[in-house]
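J.: Give me coordinates for this.
(chains A and B)
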Amino acid sequence: MKNIKYIALIFLMTSMVMSCDEQEFLNEVPYDFYSPENSFSTPEQIDIAVVQLYARTRSIYVESSVNTFAFHYITDVGFDCISTTHALASWNDNINPNTGEVFWAWSSFFKIITDANTLIDRIEFVEYDSEAEKNAKIGEAMFFRAFAYRSLAILFGDVPLITEEVTSPKRDFVRAPVADVWDQVVEDLLFAEANLPGANDIAQDGRIAKAAARHLLAEVYITKQEYDKAIAAATSVIDDPDYQLMESRFGSRIDEPGDVYWDLFRRGNVNRGNGNTEAIWVSQYEHLQPGGGSPDNLARFLAPLYWQLKDNDGVNCFFSHSSQNGGRGIGWWRATDFMLDEIWDSDNDMRNSEHNVIRDVVIDNPESAYYGQMLVASGAISNFSDPLRRYWSAIWAKSNPIGNFPDDLIANPETGQTANQASSTFNDRYMMRLAETYLLRAEAYLMKGDQANAAKDINIVRARVNADPVAAGDVDLDFLLDERARELFTEEFRLFTLMRTGKLVERVRKHHPYHNGQHESYPINDYNKLWPIPDSEIEKNTEAVIEQNAGYN
Amino acid sequence: MKKTKTFHECGNHVLLKTLRIMRITLFLLLVSVLQTIANDAYSQKTRLSLNVSNTKLEDVLDEIEDRSEFYFLYNEKLVNTNREVSFSFNSQRIDEILNSLFEGTDVVYSIADRKIILVPSYLSENVVQQQSVSGTVTDEDGLPLPGVTVLIKGTTQGTITNNDGEYQLTNIPEDATLVFSFVGMLTQEVVVGNQTTIDVEMVVDAIGIEEVVAIGYGTVKKRDLTGSAVSADLDIANETSNVSIMQALQGKVAGLNVGPVTSAGANPSFSVRGISTLSTSGAANAPLIVLDGIIYTGSIVDLNTADIESIDVLKDVSASAVYGTQGANGVILITTKSGSKQFNKPTINYSSTFTLQNPSNKLEPMNAEEYEEFYPDVFWARGGRLAPDYLQVNPDYDWRNNFKALNINEGYANGADYPWWDSFKSNGQIQSHNISLQGRNENLTYFLSGGFTDQDGYLRNDDYSKYNFRINIDAKVTNWLNVGTQTFATISDYSGVTAGNQVPFLLQPWAQAYNSDEELVPQPEGGWLSPYLIIQQDNSDIRTNLFSNLFAKIKLPLEGLTFETKYSNNYRRSDYSIFNPHANSFQGAARKTHGIFRSWTWDNIVNYTKTFNNDHNVNVTLLYGAEERTNSSTTAASRNFEVDFLGYNRLEAGDPTLNSVNSDKWVSNSIYQMARLLYNYKYKYFLTATIRRDGFSGFGRNNKIATFPSVGLAWTLSEETFMQNVDIIDYLKLKASYGQTGRRGISPYSTLAKVSSGPSMVFGDGGETFLGQSIVSLANDNLRWETTTGFNGGLDFEVLNSRLSGSFDYYENTTEDILFSIVLPRVTGFNSIADNIAEVSNNGIDVSLSGTIVKNNDWNWTTSVVYSRSRNKIESIIGADNDGDGIEDDLVSSRLFIGEPQTVLYHYEIEGMWQLADQENGSIWPGFLPGTYKLKDISGPDGEPDGTISSLYDQKILGYTDPAYRVGVTNNVSYKNWNLYVFINSIQGGKDRYYGSDDPNSYLFWNNADQLSYSNVPKGAWDYWMPENPDAKYRRLDTGSSYGGIRYTQRSFIRLQDVSLSYTIPKSVVNKLTLNNVKVFVSGKNLFTITDWAGWDPETGVGFTTGVPLMRSYTIGLNVEL
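T.: The predicted structure is shown next:
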């Protein structure tokens, strides 16, 4: 009997353990994250994935500071003014296959493409109320895929072309001819154009509408040298009654001194919902709201380090950085002298008005002997050593919420002293604006040899800002590029514009102060017309060869 | 097991062979002996029936042992057990049976509880003596020790002590020497001379033959091991400033690598033998911790060092194979204390230490005067010096224009020299108090303890305190059932925010802490928050750890068969709250995080221990168990407080639109079985065979269950007759083992594809927040464990009367299916994917030597040396051979090279510096500037140097970061009541190993002119390039070339790591105070280091950057037992 008791006990205990089903016990149940299997099954979930494409684009254009600014400061319109050896000072020395900015651009644009691919593949199995609704979502995703491929093709030329979701660890990519990439971009944009809603039918302000696809098509067709198609695409936007240039003053600060060009860039004036009919696509920012995004650091990097200036007596000119003077700039890069001075061809040009390019300010440190005088005009800083003019050049009001920083960044409301974080635009950002559409159509006319129509479009843009009209015979590609700079400085990625028009090397040699002898005579090579493929990408692609761009080996 | 055997003449081992005690541990042996004293009732109550005819006496005795709990102790040479007997008993008492059995012989018996001692009557006290000696043998605690063999040296003549530890010998020659021996005790020899009473106190053999080693789900005698398992020496663990018990193991066990600790309440990093996976991270290589038989995943510092009885390390694959998918990094088995050795005499122990600490080495930032000297050098090329030779200072250049903040201008103008660093560091101190109660009686052993530790670290606010409580109980409920527990609770407090080692170090001396209104300046240098404000953050960081193991042990009716079930729970909480009034532009931010970890483990163990035919010793263990771990946490945070004085306890006071909530949870399950056979023949030939089957929920769905076999063999040569005449060798064992074990490597859910989701967009002005999502990782259904296959060969020896002993182990491990994160082209949208693909091998040797240099009545000096080296080699990574040379390609992007260790430093080789002259004559290469490192042009696209530097062709392996070897030397000298302990630790790099970077340029804040324009630097020692210093060690301050280049230095060091001097107050004194034992000690840690390393400390590897030192400690302590 005693034995039976023991045996029963053991049996009981072991059977309790044994009784649990091994496979069941080892099955893994996620508790706090989503899996692809259950996250792309409803229209709502698909839209969540679409929203991510907007966020990724924003992170490239707005949120990546130093990386993004490379698209400005190594061109004819901007340069790094910290030192002649800082950051990407020299095309020859600093743009190489290991350059961080190069890898960042490559991987960031490809991430948009793979996210779009996933969503385009998976939407097939999602039930929508109507085919149109579904196609609109596909169109939205395809727009972003096209946008990313267009950017990669401009920067790198031939790139791997993938249009399906990556579900296995592929390492055998090869570069597709850039012509194939352009064909894919056009195909995606045509689908997007056909299926995206019109300007007034978008679900929320800031969503992509048909016009965005058309605007981009116009640019892509120019690159493909299909000028008539480019003109048609641009025309379909220009003729769309929903889009008009803003001709008179508008918006939140209409009562303050300024002009319509100044109004275009004020906080709260950029979205269509604010009555702005010129905006085609706007990257969204909402201050201090989850999902509102990081603010654009342009104000910090482009505004001069003025608040450290000392007058001829060695006394600080400014009591601090302040809202009225544009916050806490650090003068990381600035407009070239070409952009700042030489480019302006018309005295009345509103874009160069004292509101929009602030070239002198009042000294506000009571301890300075120059208190109350103008910084530049008084000669107060004539002895200040600032060869690269990092400390003072000009403040560009279009990229600075001057006098209008959010309240939480004002350290002292009485004096206007700002907190250290008062160094961003805190504003929505134009991705596409109707003025550019005119300039794209002008470019297409010009390339087609129709100077007259080109001049007509350019003059529409110039007329709005009171600039004198240009004669048809004076319009050439350089003039067009100058006009783009005048109208779109800090909005367009100048590097892209110069690369796609083939003018990069020439204009850097001419206007970049480290390449034209003003401060340095660094070489820029003909092969620099494209960026190199990141070496790390070539290394990781172990099962096939991604060829390097010529000149970078 | 309990059979007596022939005495033979082999010195120390006489009684070892004689007394075959059924218990396998010395500890339990003592228990049984003590129980003997307690209980004579058994022999009175027990009645036996026996019926034999013409049976050898030996077999009859066996039969009695089988049927009862009695066992016999006797010497075969003295007691004739070969004679045949016939009789029949029916339910008779043992004394009646024995009377019959030995009637008419010269054998007399004595019964002590279950133990029956048989001796010839001429050895017994009945015989009339001419010259006799008598006395009492006691143990260290003064308790009588029965069963001790007392022999006249050189004869077989002798006796065994009785129940009261008394003995008497007669017919003793004049020059006789008595030899006293007992299992687990040091054999003692006493010259008789003219003494008639000789009392002997037996001492436990510290490096005893019968040392017991935990092997996972059981224990064995060290001498029965076939693999490599080592017991750590914890003798002075509580005499030095070890907050974590792992610190006490630093350098003590060959092959166990323990790192240093530089912050309060932290655990050192530790690993066993080589790096068995493709990651050099501490977590990936951390050994499995097993606490009182249960896998423990908590923090080791939560264990009270004073509660720990022993630590055993399973080093080789065959030993750790019993832990399956968690064994590949080695296993550390921690056993806590149980009842005292003394029977019915509870002891109370109080110990206390107090430690003061100061830095063993320091880098100090510059003061204003020094800094002003240095600062303009940063800007020499930016107008600070005059071209072309840049030797003349430019009088027109005002370097103060580089100041980042107006405060700095002001501070400079006011002649500020603020001691930032000194204000945020201080000397450390540690105090600890422990009290414990230990006891043992017939049915209960118990250990209760409480402890308190308080530590103040080097950085201000780096504070730690903990409270430990423990109850260990083992109760014998019936003859066949023991139940008990090991339970502890630890509450630790890590509250307080330090200002870190960066900001207080880097703040320029011109930065002002207070403005003219005596108010704190929020951002003294313009960007960084004032350290004074950082430390004002209100922080509470309380961690609670509850661990309880409940067990029941059942003796089954088949003799030698036991069943044990253990159900263990670990519940850990972390409550972290912080309020930062200065965050969000001084509007405040607060959060509370509650984390809960809970695990349960249920192990069921069946053990069968039996000796067949006297010679075949078998021990079988079967295990079936399961485990579940659950972790969940919740964080609530809010920002922008209107009214903030309630801090984190009123999160709702923040702006409700900015509140945020986070929560997460994971669960993992394991289920496993294990079988182990331990077999030996005559304690000469040993076999260990194990197999473990291990399932883990974290593996990919196609590969949930792993199986790991192992086998080990050992041969004790010294037991062979042909070795008996080799006098010099006392003990020699050869061993070899081979087996497999695993590493999980993957955390829960990492085989599943994940979608990340979060607030991503707000469309329009004043719109609502939209979520965004995308797939962030690829799924992998086949992902599984890593398998390490290993061989271990070695020998253990004792020579020169066991005065020199040691062991030598050689191992070779190969790990396959290593989880490797294959980096993917970013074209895929993913960074990487994990796959079981790589292969790494390790080989190495562990050597331990221990010698008694001096030993006499007053003096005892022992020295031990441990040495280990390990060599790591990558055998395969992803198996790609794209260049078609038949050898797998290196994975340069991940710095992995086939045939090389994974600790390579792969970089450009620095040949020298580019000089101004090179620029003038145009010989400088593109991408370089004067004063930057001149890198070696190793090769080019055509396989030859091409006059330019390329990351693809011009980098090479410069050295390795892992050590060449490690050595620890311990000296222990005792004189009467004094004991001195000295431990020297060393890690050496040899020719090309143990490299690290102490290059200041590689530190972010000293990397370029912009950073240096607002960062203080260490005084002295920075040998940077300047036009007037063309042969500097480091490049120019303001910028490097776009290719960089880093200087590396070897970290080799020799350190006087621990010294402890203790004095045990004589018994005569303490007994008057009604105390049992009083010991006082002083000790020091990290007293002295010899090294070429220029940074903070070679062992911590912190180079020429901001950092914290390794602390030098001085401890005084007291240990009282009553």
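J.: Could I get the full set of strands for chain A?
T.: If DSSP state E is used as the criterion, the strands of chain A fall at A:78-80, A:279-283, A:333-335, A:357-358, A:395-396, A:410-412, A:417-418, A:429-433.
J.: Present those strands as CSV; the columns should include mean neighbour count.
T.: (Glycine included, C-beta is placed from N, CA and C.) Converted to CSV, these look like this (neighbours: other Cβ atoms under 10 Å in any protein chain shown):
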stretch, mean neighbour count
strand A:78-80, 28
strand A:279-283, 25
strand A:333-335, 25
strand A:357-358, 19
strand A:395-396, 23
strand A:410-412, 17
strand A:417-418, 22
strand A:429-433, 24
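J.: Just tell me which of the ones you listed ends up closest to chain B.
T.: Comparison of the strands of chain A against chain B by Cβ to the nearest Cβ identifies strand A:410-412 as nearest, at 7.8 Å.
J.: Sheet partners, orientation included, of that closest one?
T.: As defined by DSSP bridges, the strand partners of strand A:410-412 come to strand A:417-418 (antiparallel).
J.: who's in contact with residue 400?
T.: Answering for chain A, as no chain was given. When the contact criterion is Cβ atoms under 8 Å, 6 or more residues apart in numbering or on different chains, the partners of A:Asn400 are A:298-299, A:302-303, A:326-327, A:329, A:425.
J.: meant chain B, my bad for not saying
T.: When contacts are counted by Cβ under 8 Å, 6+ apart, B:Arg400 touches B:409, B:412.
J.: That one: what secondary structure?
T.: Assigned by DSSP: H, G, I helix; E, B strand; the rest coil, the conformation of B:Arg400 is helix.
J.: cool, and the one 10 residues further on?
T.: Secondary structure assignment for B:Glu410 (three-state DSSP): helix.
J.: That one against B:Ser516, yeah?
T.: No: counting by Cβ atoms under 8 Å, B:Glu410 does not reach B:Ser516; the two are 9.2 Å apart.
J.: is the closest residue to B:Thr690 other than its chain neighbours in a bridge, and if so with what?
T.: For B:Thr690, the nearest residue in space outside its immediate sequence neighbours is B:Arg676; the separation is 4.3 Å by Cβ to Cβ, 6 or more residues apart in numbering or on different chains. On the basis of DSSP bridges, B:Arg676 is bridged to B:Thr621, B:Thr690.
J.: got any ranges where chain B has weak pLDDT?
T.: With pLDDT under 70 as the threshold, chain B has low-confidence stretches at B:1-41, B:77, B:112, B:122-130, B:141, B:183-184, B:204-210, B:341-344.
J.: What residue in it comes nearest to chain A?
T.: B:Gly829 (2.7 Å).
J.: burial count for that residue?
T.: Neighbourhood size, B:Gly829 [other Cβ atoms under 10 Å in any protein chain shown]: 24.
J.: can you check B:Tyr965 too?
T.: 18.
J.: Could you show which parts of the stretch 51-200 of chain A are in contact with chain B?
T.: The stretch 51-200 of chain A comes close to chain B at residues A:51-52, A:54-55, A:58, A:82-83, A:85-86, A:92-94, A:96-98, A:103, A:106-107, A:110-111, A:113-115, A:118, A:160, A:162, A:166-171, A:173, as judged by Cβ under 8 Å from any Cβ of the partner chain.
J.: Please indicate which of those residues are buried?
T.: The neighbour-count test (16 or more other Cβ atoms under 10 Å in any protein chain shown) marks A:51-52, A:54-55, A:58, A:82-83, A:85-86, A:93-94, A:96-98, A:103, A:106-107, A:110-111, A:113-115, A:118, A:160, A:162, A:166, A:169-171, A:173 as buried among these.
J.: Now do the contacts for the residue nearest to B:Ile534 when sequence neighbours are not counted.
T.: On the basis of Cβ to Cβ, 6+ apart, the spatially nearest residue to B:Ile534 that is not a chain neighbour turns out to be B:Ala499, at 4.6 Å. The neighbours of B:Ala499, taking Cβ under 8 Å, 6+ apart as the test, are B:424, B:459-461, B:531-532, B:534-535.
J.: Out of those residues, give me the two with the largest separation.
T.: Pairwise distances among these were taken by Cβ to Cβ; the largest, 13.8 Å, belongs to B:Leu459 and B:Tyr532.
J.: related to what we said a few turns ago, tell me the contacts of the residue of chain B closest to chain A?
T.: Remark: with contacts taken as Cβ under 8 Å, 6+ apart, B:Gly829 is in contact with A:110-111, A:113-115, A:166.
J.: repeat that with 10 Å
T.: Residues touching B:Gly829, when contacts are defined by Cβ atoms under 10 Å, 6 or more residues apart in numbering or on different chains, comprise A:107, A:110-118, A:162, A:165-166, B:774-776, B:778.
J.: now do B:Pro376
T.: Shown here is B:Pro376, whose contacts under the criterion Cβ under 10 Å, 6+ apart are B:384-385, B:393-394, B:397-400, B:402.
J.: cool, and A:Phe103?
T.: Contacts were defined as Cβ under 10 Å, 6+ apart; by that measure A:Phe103 touches A:67, A:97, A:532-537, B:826.
J.: The stretch 401-550 of chain B against chain A: which residues are in contact?
T.: For the stretch 401-550 of chain B, the contact set with chain A under Cβ under 10 Å from any Cβ of the partner chain comprises B:401-406, B:408-410, B:413, B:480-481, B:522-523, B:526-529.
J.: Using ChimeraX, make a named selection holding only the buried ones among those.
T.: One line in ChimeraX is enough to select the buried members of those, burial here meaning 16+ other Cβ under 10 Å:
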select /B:401,402,403,404,405,406,408,409,410,480,522,523,526,528,529
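J.: Grab the most central residue of the chain for me.
T.: Went with chain A since none was named. Closest to where the C-alpha atoms of chain A average out (Cα atoms, centre = their mean) is A:Tyr61, at 2.7 Å.
J.: let's do chain B instead
T.: The geometric centre of chain B, computed from its C-alpha atoms, lies nearest to B:Met246 (Cα atoms, centre = their mean), at 4.3 Å.
J.: sorry, back to before: list residues touching both of B:Leu459 and B:Tyr532?
T.: Counting by Cβ under 10 Å, 6+ apart, the residues touching both B:Leu459 and B:Tyr532 are B:424, B:499, B:504.
J.: Counting only helices, which of those residues make the cut?
T.: The members of those that map onto helices under DSSP state H are B:Pro504.
J.: Out of the shared contacts of B:Leu459 and B:Tyr532, which comes closest to B:Asn972?
T.: B:Phe424 (40.1 Å).
J.: The spatially closest residue to the closest one that is not a sequence neighbour - how many residues pack around it?
T.: Nearest residue to B:Phe424 in three dimensions, chain neighbours excluded: B:Pro504, at 3.9 Å (Cβ to Cβ, 6+ apart). In terms of burial, B:Pro504 registers 27 neighbours under the definition other Cβ under 10 Å.
J.: can you list the strands of chain A in a markdown table and add distance to B:Gln438 and mean pLDDT?
T.: Supplementary listing: the strands of chain A in a markdown table, determined by distance: least, Cβ to Cβ, whole Å; pLDDT from 0 to 100:
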| stretch | distance to B:Gln438 | mean pLDDT |
| --- | --- | --- |
| strand A:78-80 | 72 | 97 |
| strand A:279-283 | 71 | 97 |
| strand A:333-335 | 73 | 97 |
| strand A:357-358 | 82 | 97 |
| strand A:395-396 | 78 | 97 |
| strand A:410-412 | 64 | 91 |
| strand A:417-418 | 67 | 94 |
| strand A:429-433 | 73 | 97 |
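J.: Now render those strands as JSON lines, adding distance to B:Val1120.
T.: Written out in JSON lines, the entries for these read as follows (distance: least, Cβ to Cβ, whole Å):
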{"stretch": "strand A:78-80", "distance to B:Val1120": "71"}
{"stretch": "strand A:279-283", "distance to B:Val1120": "73"}
{"stretch": "strand A:333-335", "distance to B:Val1120": "72"}
{"stretch": "strand A:357-358", "distance to B:Val1120": "79"}
{"stretch": "strand A:395-396", "distance to B:Val1120": "76"}
{"stretch": "strand A:410-412", "distance to B:Val1120": "61"}
{"stretch": "strand A:417-418", "distance to B:Val1120": "64"}
{"stretch": "strand A:429-433", "distance to B:Val1120": "74"}
